[in-house]
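Colleague: Any chance you can model this:
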Amino acid sequence: MHDARFDKLAKLLVEYSTRLKRNENVLIEAFDVPDEMTIALVRVARKAGAIPFVQVQRARISREIALKATEKQLDLAAAHELARMRKMDAYIALRGSHNITELSDVTPDQMKLVAKKMRPVQDHRVRKTKWVVLRWPTPAMAQLAGMSTEAFENFYFKVCTLDYRKMQPGMKVLKALMQKPDRVEINGPGTDLNFSIKGIAAVICGGDRNIPDGEVFSCPVKDSVQGHVTFNAPTIYQGIGFDNIRLDFRDGKIIKATSNQTEKLNKILDSDAGARFVGEFSLGFNPYVLQPMRDILFDEKIAGSFHFTPGQAYEEADNGNRSQVHWDMVNIQRRDYGGGEIYFDGKLIRRDGEFLPKQLRSLNRTNFT
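Modeller: Numbering: from 1, shown residues only. Take a look at the predicted model:
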C-alpha cells in the first residue's frame, strides 16, 4: 500500500540530498526495503529528468555469498560494480535490516576479505558521486530503539524529513570554528582526550550525505591523539555488538582497547596498520535523535554527542590515514548520560551536549521542540 510519507522522503533525497539534474545517472540500491519506496524514488528521479538504475539487495542472500566468497569471485564482483559506479553521477542507498546481526557468523577473516576487495567501489562512490545513504524502519530497529513498530515509524519519518535548511546557518558557523583551532580537549566520565585538528578541513553533513543527518566532522592530526575515551553508546560492527568500548591512545595510536568483546575488538583494530589510528572526529546534533539504537546512521547524529572513528579518513578532511576499517564510536555528553565538556584551544565550546557560543545555539535541540 502506498504511503504519502514515501513521496516526501523520496523528494528530499532527490531534490535536496543529491540535487539530481536532467540526464544524470543515479544508482538506487535497495536493501530489504518495500518496493513501493523504491518505486517512489524512481518516479521522483525521473520527474527531475534523471536516469534511475536500481539494484535490489537481500541481507540473507548477501550473507550466503559472503560466507564462502573467494578472492576470484570478489575480484570479479568488485570490477563489475566499480565499472557501473563509474557511470553514475549519484548514488542513493536505502538499507533495511530485518536482523542487524545477519552477518555475525561470517568469520572476521572473511569479512576482512570482502571489505578489502569492495573498498575501491566504496571509495569511488564517496569521492566521485553525489551520494546519500539511509536506513529503513523495521520491527527489528523498533525493538532496538525500545519502541513499538508504529511509534518508531512515526519517529523515523519525523527525523528523516527534518528541515535541514534550518540548521544550515549554525552548521556554517561550526564549520568555520572547527577550522581555526589547534587543540581539542574532551572531558567526561571515563574520557580525558586531547588532540590537534590544525590544518584539517571541517565538513558539514546537513542532509546531503546521510539521512538522518546533523553533524560537522573534521579529523585529528594522525599522531596527535593522547589520553583515553570511553563510549557510552553501544555499537555494532561486522554484525557483532560491542558495549562499553574504551580506547587508550599514545601519539595517535590505540595502545589498549577493551569492551565486552575485547578479543573481537582488538582483532578488528588489527585488520591493518591504519585501524589503530583515528580517521574522523565529529560533533552530532540532530535534535530528534536522543537515544542510541545500535544503528550508526542514527547514533552518530545523537543530539549532544561526538564520535571518534578508528580507521579510514575521508578525503575531504584528511589526515592521511588509510584503512579498510571506518568505525564510528559514539559518546553522548548530555547531562542524562553523565555530561562532559569540549574545548577548542582552551575555550569551552560545548557543555553537557549544549553549544555555548551564541552563533551555535541554534543547533541546540531546544530550538526544535
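
Colleague: can you give me the helices for the stretch 201-350 of the chain?
Modeller: With DSSP state H, counting those that start in this stretch as the definition, the stretch 201-350 of the chain shows helices at residue ranges 262-269, 296-299.

Colleague: residues contacting K11?
Modeller: Shown in contact with K11 (C-beta atoms under 8 Å, 6 or more residues apart in numbering): V44. Where you see a C-beta, it was placed from the backbone N, CA and C, and this is true even at glycine.

Colleague: number of nearby residues for D89?
Modeller: 17 (other C-beta atoms under 10 Å).

Colleague: do the same with the one 4 residues further on
Modeller: A count of neighbours around A93, defined by other C-beta under 10 Å, yields 20.

Colleague: Quick check: beta-bridge partners of it?
Modeller: Beta-bridge partners recorded for A93 (DSSP bridges): E29, V133.

Colleague: Serialize the helices of the stretch 201-350 of the chain to JSON lines and add fields for mean neighbour count.
Modeller: Putting the helices of the stretch 201-350 of the chain into JSON lines (neighbours: other C-beta atoms under 10 Å) gives the following:
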{"stretch": "helix 262-269", "mean neighbour count": "16"}
{"stretch": "helix 296-299", "mean neighbour count": "23"}
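
Colleague: So which of these is nearest W131?
Modeller: Of all these, the one in closest proximity to W131, counting by C-beta to C-beta, is helix 296-299 (12.9 Å).

Colleague: So which elements touch that closest one?
Modeller: Helix 296-299 makes packing contacts with strand 130-135, strand 235-237 when contacts are defined by 3 or more C-beta pairs under 8 Å, 6 or more residues apart in numbering; DSSP states H and E.

Colleague: Now render these as a markdown table, adding mean neighbour count.
Modeller: Formatted as a markdown table, the helices and strands packed on helix 296-299 follow (neighbours: other C-beta under 10 Å):
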| stretch | mean neighbour count |
| --- | --- |
| strand 130-135 | 21 |
| strand 235-237 | 20 |
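
Colleague: Relative to T138, which of the helices of the stretch 201-350 of the chain is closest?
Modeller: Nearest to T138, of all the helices of the stretch 201-350 of the chain, is helix 296-299, at 12.9 Å by C-beta to C-beta.

Colleague: Dump the C-alpha coordinates for the closest one into PDB.
Modeller: Coordinates of the C-alpha atoms in helix 296-299 are reproduced here as PDB (Å, rounded to 0.1, in the frame of the first residue of the first chain):
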ATOM      1  CA  ILE A 296      25.300   4.200  13.400                       C
ATOM      2  CA  LEU A 297      23.500   6.300  10.800                       C
ATOM      3  CA  PHE A 298      21.200   7.400  13.700                       C
ATOM      4  CA  ASP A 299      23.600   7.100  16.700                       C
END
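
Colleague: which one of the helices of the stretch 201-350 of the chain has the lowest average pLDDT?
Modeller: Set side by side, the helices of the stretch 201-350 of the chain differ in mean pLDDT, and helix 296-299 is lowest with a mean of 90.

Colleague: residues making contact with that one?
Modeller: Helix 296-299 has contacts (C-beta under 8 Å, 6+ apart) with 133-135, 159, 210-212, 233, 235-236, 289, 292-293, 305, 328, 330.

Colleague: L27 is nearest to which of the helices and strands packed on helix 296-299?
Modeller: For those, proximity to L27 was assessed by C-beta to C-beta; strand 130-135 is nearest, at 9.2 Å.

Colleague: what's in contact with that closest one?
Modeller: For strand 130-135, contacts defined as C-beta under 8 Å, 6+ apart pick out 13, 17-20, 89-97, 125, 141, 160, 207-212, 295, 297-298.

Colleague: Ok, stretch 15-26 next?
Modeller: Among residues not part of stretch 15-26, those counted as contacts by C-beta under 8 Å, 6+ apart are 14, 44-45, 48-53, 87-92, 130-132, 164, 207-209, 211.

Colleague: mind checking how far the spatially most central residue of the chain is from L269?
Modeller: What sits nearest the mean C-alpha location of the chain, by C-alpha atoms, centre = their mean, is L297, with 4.5 Å. Look at L297 and L269: by C-beta to C-beta, to the nearest Å, they are 22 Å apart.
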